[in-house]
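**Q** no sequence for this one, just the structure:
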């Protein structure tokens, strides 16, 4: 347990260093690359917490596609940051107040790894038990009668079985959101630039 | 970026692996970590890398806009179609049982697989579309000049 906490501490420290460096940079390309590093470190943190699917998503989306899309934007707008005019006092005040409120909010949170929180005791045991029973060949332990073995080892990934089975509606409309984003971009931008006047090749 | 020999060679070397890994993650969504979303993003990253290094015109020769537009719709329709098929056969929306009514386990497995394919198809084509529309009319060069 201790070595995981030490590793987490190092990774979170690196995260802070990376974000401070991003703030100081004026070259947008370097800042984008460092943001990719930030996502990679975040993926390692998730991996350290045994959240492999989240780590995978963070690495693919945060480190991969958003970096690529930001680079695409930099190609269009140039990589030098514009000098900001005026005072930074108001943004600094807002950020400080928000951070203080968030830190105040974390004081109410249960201790790290506490197994008796609602998040761990509400529906999670049911999901885990069902998925394990569905995928494992041996019946459930702890005295409970074995339930119907739904999947027979077809779907060993607990996360997938939660997001596309128990929460299929949710995932369907997530996909619809992505689809709408793509369609909106097509309707707004396609054929409106002088360089690529609406060619539908 | 066409004159960058190292980038072009490295791109050609790693591109097949990226695309195969993307397909692998989509098709093994219910078995290992990842799924349609992550796999679709990887698949799109492969095409977009090609687009960045060789220009988006070259990429659109490989995967034309008509194709990505159609695939974005087909993915959502595939996902929703699984649900509508359940309704038509007398079950609840997105109940996977009617896919193979005799075997509940493989029905769940088939349902998840089809749904993950739908997610992967939509996500990858929408990501390619976003890249297409953002970089439309620009010559890729990351040296700060336009």
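**A** Ah, there it is. No experiment lies behind these values; they were computed from the predicted model shown.
**Q** all the helices of chain B, residue numbers only.
**A** B:5-27, B:36-54, B:56-62, B:65-88, B:104-134 (DSSP state H).
**Q** out of those helices, which is closest to chain A?
**A** With distances scored as CB to the nearest CB, the stretch of the helices of chain B nearest to chain A is helix B:104-134 (3.5 Å). In this view, the C-beta of every residue, glycine as well, is placed from N, C-alpha and C.
**Q** wait, does the closest one contact chain A?
**A** Yes. Interface with chain A: helix B:104-134 contributes B:104-106, B:108-109, B:111-112, B:115-116, B:118-119, B:122-123, B:125-127, B:129-131, B:133-134 (CB under 8 Å from any CB of the partner chain).
**Q** determine if any part of stretch A:159-172 is in contact with chain B.
**A** Yes. Looking at stretch A:159-172 against chain B by CB under 8 Å from any CB, the contacts come from A:159, A:160, A:161, A:163, A:164, A:165, A:168, A:169, A:171, A:172.
**Q** where in chain B is pLDDT low?
**A** B:1-2, B:137-146 (pLDDT under 70).
**Q** now the helices of chain B as CSV including mean neighbour count?
**A** Listed next are the helices of chain B as CSV, based on neighbours: other CB atoms under 10 Å in any protein chain shown:
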stretch, mean neighbour count
helix B:5-27, 15
helix B:36-54, 25
helix B:56-62, 17
helix B:65-88, 18
helix B:104-134, 25
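**Q** would you list those helices in TSV and tack on distance to residue A:190?
**A** Formatted as TSV, the helices of chain B follow (distance: least, CB to CB, whole Å):
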stretch	distance to residue A:190
helix B:5-27	25
helix B:36-54	16
helix B:56-62	12
helix B:65-88	8
helix B:104-134	6
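**Q** compare those helices and give me the one nearest residue A:5.
**A** helix B:36-54 (27.8 Å; CB to CB).
**Q** C-terminal to the helix or strand of chain A with the lowest mean pLDDT, what's the next element?
**A** The helix or strand of chain A with the lowest confidence, counting by mean pLDDT, DSSP states H and E, is helix A:124-135 at a mean of 67. Using DSSP states H and E, the helix or strand that follows helix A:124-135 towards the C-terminus is helix A:158-161.
**Q** pLDDT on that following helix, on average?
**A** Averaged across helix A:158-161, the pLDDT comes to 80.
**Q** next SSE downstream of that helix?
**A** helix A:168-189.
**Q** distance from the chain centre to that following helix, please.
**A** 18 Å (CA atoms, centre = their mean, to the nearest Å).
**Q** before we move on, what about stretch A:73-90?
**A** With CA atoms, centre = their mean, you get 26 Å for stretch A:73-90.
**Q** measure that stretch end to end?
**A** Distance between the two ends of stretch A:73-90: 28 Å, counting by CA to CA, to the nearest Å.
**Q** that one close to chain B?
**A** Yes. Using CB under 8 Å from any CB, stretch A:73-90 reaches chain B at A:73, A:74, A:75, A:76, A:78, A:79, A:80.
**Q** among the residues you listed, name the ones in helices.
**A** Those of the residues of stretch A:73-90 next to chain B lying in helices (DSSP H): A:73, A:74, A:75, A:76.
**Q** for ChimeraX, write the select line for the buried members of those residues.
**A** In ChimeraX syntax, the buried subset of these is picked out as below (16 or more other CB atoms under 10 Å in any protein chain shown):
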select /A:74,75
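**Q** which of the ones in helices among the residues of stretch A:73-90 next to chain B sits closest to residue A:110?
**A** Using CB to CB, these come closest to residue A:110 at residue A:73, 40.3 Å.
**Q** pull the contacting residues for that closest one.
**A** In this structure, residue A:73 makes contact with residue B:134, judged by CB atoms under 8 Å, 6 or more residues apart in numbering or on different chains.
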